[in-house]
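Colleague: sharing a model prediction with you, sequence too.
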Amino acid sequence: MNTPIRSNSTLALISLIFGILGWTLLPFAGSLVAIVTGHMARAEIRRSPETLDGDGLAVAGLVMGYVVIALSIIGILIAILFFGGLAALLAFIATAGH
């Protein structure tokens, strides 16, 4: 009846913290750290499941990190399309006036 005490993976906790920071203070860098440490934590937990816990923390950090990265890419694409279309419209107006 001696069950070993499982501790949370430090990398999983770091992934969760930086996933939260990715939404608030460090949008891109925090998300990258969350993704890298989340994958490292899940691998670490799979290697020693009898002593480590925290897979849910790592998954939460991964999800938050990937969502911020995806939203950042979508935002950049929208900005490029908007300002590219605006530049094309201004060029069309400038050439149509002559």
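Modeller: Received it, and whenever you're ready, just let me know what you need. Numbering: from 1, shown residues only.
Colleague: for the lengthiest helix in the chain, what is the average pLDDT?
Modeller: Taking residue count as the measure and DSSP state H as the definition, the longest helix of the chain comes out as helix 55-96. Helix 55-96 shows a mean pLDDT of 91 in the predicted model.
Colleague: then stretch 37-45?
Modeller: Confidence for stretch 37-45, expressed as mean pLDDT, is 97.
Colleague: Thr10: what's it in contact with?
Modeller: Contacts for Thr10 were tallied using C-beta atoms under 8 Å, 6 or more residues apart in numbering; there are none. Quick note: C-beta positions are derived from backbone N, CA and C, even for glycine.
Colleague: any idea which residue sits dead centre in this protein?
Modeller: For the chain, the residue nearest the mean C-alpha position is Gly65 (1.6 Å; C-alpha atoms, centre = their mean).
Colleague: any idea how far the closest residue to that residue other than its chain neighbours is from Gly56?
Modeller: With sequence-adjacent residues excluded and distances taken as C-beta to C-beta, 6 or more residues apart in numbering, Gly65 is closest to Ala34, at 3.5 Å. Here Ala34 is placed at a distance of 14 Å from Gly56 (C-beta to C-beta, to the nearest Å).
Colleague: those two - which one has more neighbours?
Modeller: The residue with the greater number of neighbours, taking Ala34 and Gly56 and applying other C-beta atoms under 10 Å, is Ala34; the counts read 31 against 11.
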